[in-house]
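In: Mind looking at a prediction? Sequence and model below.
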Amino acid sequence: MAKNKADIVDIAVTMQRKNLEVSFKIENCFTPKMEEAIGNGVPTTFRIRLILEKPGIPFLRSQYLNIVLERTIKYDRLENEYRVELQEHPDRLRTTKDLEEAKEWMSSVEDLPLIPLWRLQEGQTYQLRMKAELSKVHLPLFFRYIFFFVSLWDFETDWQKITFSP
């Protein structure tokens, strides 16, 4: 079970540029132990699940979207920079020497296009559910002894949902 109480906040669903778009932030997703491990070169991946559906009885729900975004941060000690890969962005890889900036990239989703508006029925109610978690870290056996604290910085948010009509 998750030890850290991360949460998804500042959720905004907008209908821009012919798409349904979402923005949000993940709070409390970095601990000092996690930052220490990242500084030692341990790659860290966040998984964000987004589900768009018509609400209703579970077996009668129409699901329009069910995707998982992965974001990975890794510190390059030779270059003295953080590399953040954002799966959903065309430029995918961003680099910075500032840990705070790298953490912001990892924990913020801005204007992510989800689905074309023409696929949604005007006046119909829809529900967007989202959840974020730290992907389980798989270290070589030797490193498991060094980084025994890895299980102490797992996190998983509760499901957040927002209901809207186009």
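Out: Arrived safely. Keep in mind that what you see is a predicted model, and the values were worked out from it rather than measured. Residues are numbered from 1 along each chain as shown.
In: Tell me the confidence at Gln121?
Out: Predicted confidence (pLDDT) for Gln121: 91.
In: Measure how buried it is and give me the count.
Out: Number of residues near Gln121 (other CB atoms under 10 Å) recorded here: 11. For glycine as for every other residue, the C-beta is placed from the backbone atoms N, C-alpha and C.
In: Might you report the residue contacts of it?
Out: Pro166 (CB atoms under 8 Å, 6 or more residues apart in numbering).
In: So it lies in a helix, does it not?
Out: No. Remark: Gln121 does not belong to a helix; assigned using DSSP: H, G, I helix; E, B strand; the rest coil, it is coil.
In: And the residue lying closest to Leu65 once chain neighbours are set aside, how close does it get to Lys161?
Out: Leaving aside its sequence neighbours, Leu65 sits nearest to Leu52 (CB to CB, 6 or more residues apart in numbering; 3.9 Å). Applying CB to CB, to the nearest Å, the value for Leu52 to Lys161 is 10 Å.
In: Show me whatever sits in contact with both of these two.
Out: Gln127, Leu128, Arg129.
In: The first one: what's it in contact with?
Out: What that stands for is Gln127. By CB under 8 Å, 6+ apart, the contact list for Gln127 reads Leu52, Glu53, Lys54, Pro55, Lys161, Ile162, Thr163, Phe164.
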